[in-house]
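J.: Generate coordinates for the sequence data below:
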Amino acid sequence: MGLFSIFSKKQQKEDLEKGLEKTKQSVFSKLSKAVAGKSKVDDEVLDNLEEALVMSDVGVKTTLKIIERIEARVARDKFLGTAELNTMLREEIEALLLENNTIDGDEFEIPTNATPYVIMVVGVNGVGKTTTIGKLAYNFKKAGKSVILGASDTFRAAAVDQLIIWSERAGVPIVNQGMNADPASVAYDTLKSAIAQKKDVVIIDTAGRLHNKVNLMNELSKIKRVMQKLVPEAPHEILLVLDASTGQNAIEQARQFIAATEVNALALTKLDGTAKGGVVIGISDQFKIPVKYIGVGEKMEDLQIFNRHTFVESLFG
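T.: Predicted coordinates:
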């Protein structure tokens, strides 16, 4: 690893810690109240801890799972005190993320056997989907990959215009046919161009509508079918973008999109503007889908590859 790589990793960690500051303050204030005046981890402490985790948007099911594991550890070692609670909590959360297929990563890499690597991006309007696509394109390009974007969210003129702006910022080409064009046709032409130009990464934007799940499912299925005429394995990645600041609403959005299409990766945005960062843990646990990217700021570099160890360390360090 070169000197600049070390500086880059250090900067990323600092950005992550800064981005999680609101969540960290919220979690620790609740944890402090949970153990106030107590030296032993007893039922009252566990009840207070349970409330603190639920209030931090970890979610009820995931919270109960964490509490059960801590109870089992306390039962094994009768002398565990509240001083060890923070360590236990971070260990159990990190173990939970590992079980939920969240793989530690640091670089914007793609599988070597998939060229072009096709990412179809889904998510409701307003969660930062277009911004995430632009930042993804920038970071893949920075990592030495050639990228092309496809503007298949053709139901809003603003969506196409915004993606064009982000393509210019990232310095990557875009295929668009304007508003009301057939989304599948745009995706097909994008992939056709990618193959002709030997691009490494194809990122396809899609419409973010949930009011009619049948239409959404049909549309996403059609986009997949037409791309598979050119690349049978496409899309390699269906990336669901969620706004972490919406807390439990993000979990409901995840549930609906996962029912509509085969989501296999998650991106959580706007972690820097919320105290609800615990939702990352809950979503990962409930759906067993890896969190792949997190957004911790406005800069292009503020879309980071999710690393469970660094995340937990920043949250509880």
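J.: surely residue 267 meets residue 289?
T.: No - counting by Cβ atoms under 8 Å, residue 267 sits too far from residue 289 to count as a contact (11.0 Å). For every residue, glycine as well, the C-beta is placed using N, CA and C.
J.: These two - which one has more neighbours?
T.: Comparing residue 267 with residue 289 by other Cβ atoms under 10 Å, the one with more neighbours is residue 267, at 25 against 20.
J.: ok but that one is inside a strand, no?
T.: Yes - assessed with DSSP: H, G, I helix; E, B strand; the rest coil, residue 267 lies in a strand.
J.: Enumerate every residue touching it.
T.: With contact set as Cβ atoms under 8 Å, 6 or more residues apart in numbering, residue 267 has these partners: 132, 239-242, 291-295, 303.
J.: and if you look at residue 207?
T.: So residue 207 contacts 152-156, 159, 183, 216, 219 (Cβ under 8 Å, 6+ apart).
J.: Nearest to residue 42 among those?
T.: residue 216 (48.4 Å; Cβ to Cβ).
J.: Let me know how buried the closest residue to the closest one other than its chain neighbours is, in neighbour terms.
T.: Using Cβ to Cβ, 6 or more residues apart in numbering and skipping the chain neighbours, the partner closest in space to residue 216 is residue 260 (5.2 Å). Counted with other Cβ under 10 Å, the neighbours of residue 260 add up to 20.
J.: you'd agree residue 260 is up against residue 220?
T.: Yes - contact criterion Cβ under 8 Å: residue 260 and residue 220 qualify, at 6.4 Å.
J.: List the beta-bridge partners for the spatially most central residue of the chain.
T.: What sits nearest the mean C-alpha location of the chain, by Cα atoms, centre = their mean, is residue 267, with 2.0 Å. Residue 267 has these beta-bridge partners by DSSP bridges: residue 241, residue 293.
J.: How much space separates it from residue 60?
T.: According to Cβ to Cβ, to the nearest Å, residue 267 stands 24 Å off from residue 60.
J.: now swap in residue 68 and tell me
T.: 13 Å.
J.: what does residue 14 give?
T.: Residue 14 is 33 Å from residue 60, by Cβ to Cβ.
J.: No further queries at this time; thank you.
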